[in-house]
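[1] test case, fold it:
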Amino acid sequence: MGATVFCLAAPTQSFADSGTTPKAAYCGTDGATGLAVSATGNVPCRAALQTAAAYTKAWHGTAAKPIQVRRAGTTWQCQERPGDPNPYQACVDTQDHTRLITLSS
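    Prediction:
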């Protein structure tokens, strides 16, 4: 799985375009991986933890390919993202890119 680092320095194009980095709230840890789960925008922690669990269940063996998961009435595009210095996992709401879930160690 590799090490991951919490990093929100413009993880999606929409954040880079707006010039803002959203404030993240820590929600807890993913039960399967032990990674910390954080959420931005108006993502409830319960939805963030459910989405993270669905993603970590599906990501094994995907070699960082994007994966879509549907949880809490939302479709999320999830994948590994480059970080500094280590990559991290992130899920972005496909309809509202200000809603982001980050998994990190």
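[2] residue nearest the centroid of this structure?
    The chain has residue 90 as the residue nearest its centroid, 2.4 Å off, counting by Cα atoms, centre = their mean.
[3] what's the burial count for residue 82?
    Residues within reach of residue 82, counting by other Cβ atoms under 10 Å, total 11. Just so you know, the C-beta spots here come from the backbone N, C-alpha and C atoms, and that holds for glycine as well.
[4] got the confidence number for it?
    For residue 82, the model assigns a pLDDT of 88.
[5] burial of residue 56, as a residue count?
    Residues near residue 56, counting by other Cβ under 10 Å: 21.
[6] OK, contacts around it?
    30, 32-33, 35, 89, 103 (Cβ atoms under 8 Å, 6 or more residues apart in numbering).
[7] touching, residue 102 and residue 89? I think so.
    Yes. Contact criterion Cβ atoms under 8 Å: residue 102 and residue 89 qualify, at 7.2 Å.
[8] residues of the lengthiest strand in the chain that come out buried?
    When the chain is parsed with DSSP state E, its longest strand is strand 74-81. For strand 74-81, a neighbour-count test (16 or more other Cβ atoms under 10 Å) marks 74, 76-81 as buried.
[9] all helices of this protein, in order?
    Assigned by DSSP state H, the helices in the chain fall at 13-18, 45-59.
[10] avg pLDDT for the longest one?
    It refers to helix 45-59. Mean predicted confidence for helix 45-59 is 94.
[11] please save the CA atoms from it in PDB.
    As requested, the backbone C-alpha atoms of helix 45-59 are provided in PDB (Å, rounded to 0.1, in the frame of the first residue of the first chain):
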ATOM      1  CA  CYS A  45     -17.800  12.500   8.700                       C
ATOM      2  CA  ARG A  46     -20.200   9.500   8.500                       C
ATOM      3  CA  ALA A  47     -20.300   9.800   4.700                       C
ATOM      4  CA  ALA A  48     -16.500  10.300   4.600                       C
ATOM      5  CA  LEU A  49     -15.900   7.100   6.600                       C
ATOM      6  CA  GLN A  50     -18.400   5.100   4.500                       C
ATOM      7  CA  THR A  51     -16.800   6.400   1.300                       C
ATOM      8  CA  ALA A  52     -13.300   5.700   2.500                       C
ATOM      9  CA  ALA A  53     -14.300   2.100   3.500                       C
ATOM     10  CA  ALA A  54     -15.900   1.500   0.000                       C
ATOM     11  CA  TYR A  55     -12.800   2.900  -1.700                       C
ATOM     12  CA  THR A  56     -10.200   0.900   0.300                       C
ATOM     13  CA  LYS A  57     -12.200  -2.300  -0.300                       C
ATOM     14  CA  ALA A  58     -12.100  -1.600  -4.100                       C
ATOM     15  CA  TRP A  59      -8.700  -0.100  -4.600                       C
END
